[in-house]
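Trainee: pasting the sequence and the predicted model now:
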Amino acid sequence: MTKEYDKKFSVSILLWMREDKPRQEGMDYWSGPHSQIIAASPGLSEYRQQHLSETQHSFWPSTAGLETSISPDRRIDGIAEVTFDNLLSPVAGRHQTALAFQDEVNVFRRTLMHMGFPFSSRWFKTAEQSGSQLRDVLYIRRKEDVSSASFKKFINDSLAPEISKVAGVAETRSQVYMPWNKATWDTPHVAHDNPKVEHLHASIIIGFRNQEAREEFYKTVAPKLNHQLISYASAVHAYQIDQTLTYVENGQKRPL
């Protein structure tokens, strides 16, 4: 029996650009000088930047009891996706992490690290093997009366596998987070405010073969998924990913 997914050790850092500079200036600095600090870290399997759309978000089909609209102040600008080779990789990269800490204030106004248990991220085998032309990311908030264990099982064993089998879906990656803690990424002179009511508990990145596949997914598949989601989630925040930039792939640093 072919395994449906690979387990990965990864973290996601949610990023908000400084507001005293043009947004694109910040995005360019992040994809340029700042990216090279992270990319130089030893022990990385992959490092990607997800540049989120400023305008295309909050489009998950609405249903009673599920928040789908993203408030302006909590709208995320980008995601740093870091995947490690092994458990010692974060220690090996501590020098570059210290440099990143000092550089964040030059570009970001708020940063929030989200991480799961090591090797709990899942990269699924998908129905489509031709590669992703388009990507979206879903951020999911757990209902207060749902246990962490039940929520994790739903995301990793039900929701994400179902999405991965949809025709035209070329990429599905799920992460279920441990409880958020400011101390895991407490960079100086950058905000880390994250009220409990705003906490996010999981993410799923979905890659599509083309625009037609994406439109069909939101027209026919997403509304059906709401029947399951409302039992486990209080919010689904959807973002279009404008650009995916890969700086480290399969353990090798790629040219800028």
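Mentor: Nice, thanks for sending it over.
Trainee: when you work out contacts or count neighbours from here on, use the C-alpha atoms and nothing else.
Mentor: Fine.
Trainee: and the helix or strand that contains residue 83, what does it pack against?
Mentor: Using DSSP states H and E, residue 83 sits in strand 78-84. Judged by 3 or more C-alpha pairs under 8 Å, 6 or more residues apart in numbering; DSSP states H and E, the packing partners of strand 78-84 are strand 5-17, strand 44-57.
Trainee: how about the ones you listed, which one is nearest residue 33?
Mentor: Residue 33 lies closest to strand 44-57 among these, at 13.1 Å (C-alpha to C-alpha).
Trainee: report the angle between the closest one and strand 5-17.
Mentor: 60 degrees (axes from the mean of the first three to the mean of the last three C-alpha atoms, to 10 degrees).
Trainee: packing partners for strand 44-57?
Mentor: strand 78-84, strand 233-249.
Trainee: for that strand, buried residues please.
Mentor: Buried residues in strand 44-57, counted by 16 or more other C-alpha atoms under 10 Å: 44, 45, 46, 47, 48, 49, 50, 51, 52, 53, 54, 57.
Trainee: and the residues you listed as JSON lines, adding distance to residue 64?
Mentor: Converted to JSON lines, the buried residues of strand 44-57 look like this (distance: C-alpha to C-alpha, whole Å):
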{"residue": "44", "distance to residue 64": "42"}
{"residue": "45", "distance to residue 64": "41"}
{"residue": "46", "distance to residue 64": "38"}
{"residue": "47", "distance to residue 64": "37"}
{"residue": "48", "distance to residue 64": "35"}
{"residue": "49", "distance to residue 64": "33"}
{"residue": "50", "distance to residue 64": "30"}
{"residue": "51", "distance to residue 64": "30"}
{"residue": "52", "distance to residue 64": "26"}
{"residue": "53", "distance to residue 64": "26"}
{"residue": "54", "distance to residue 64": "26"}
{"residue": "57", "distance to residue 64": "19"}
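Trainee: nearest to residue 119 among those residues?
Mentor: For the buried residues of strand 44-57, the nearest to residue 119 is residue 45 (12.4 Å; C-alpha to C-alpha).
Trainee: quick check, that closest one in contact with residue 87.
Mentor: No - here residue 45 does not reach residue 87: they are 11.8 Å apart, not a contact under C-alpha atoms under 8 Å.
Trainee: and the helices in the stretch 1-150 of the chain, which stretches?
Mentor: Under the criterion DSSP state H, counting those that start in this stretch, helices of the stretch 1-150 of the chain are mapped to 23-29, 35-39, 89-92, 94-103, 148-154.
Trainee: give me the buried positions along stretch 118-137.
Mentor: Buried-residue list, stretch 118-137, by 16+ other C-alpha under 10 Å: 119-128, 132, 134-137.
Trainee: could you redo the helices and strands packed on strand 78-84 as a markdown table and give each row distance to residue 236 and mean pLDDT?
Mentor: Listed next are the helices and strands packed on strand 78-84 as a markdown table, based on distance: least, C-alpha to C-alpha, whole Å; pLDDT from 0 to 100:
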| stretch | distance to residue 236 | mean pLDDT |
| --- | --- | --- |
| strand 5-17 | 16 | 97 |
| strand 44-57 | 11 | 98 |
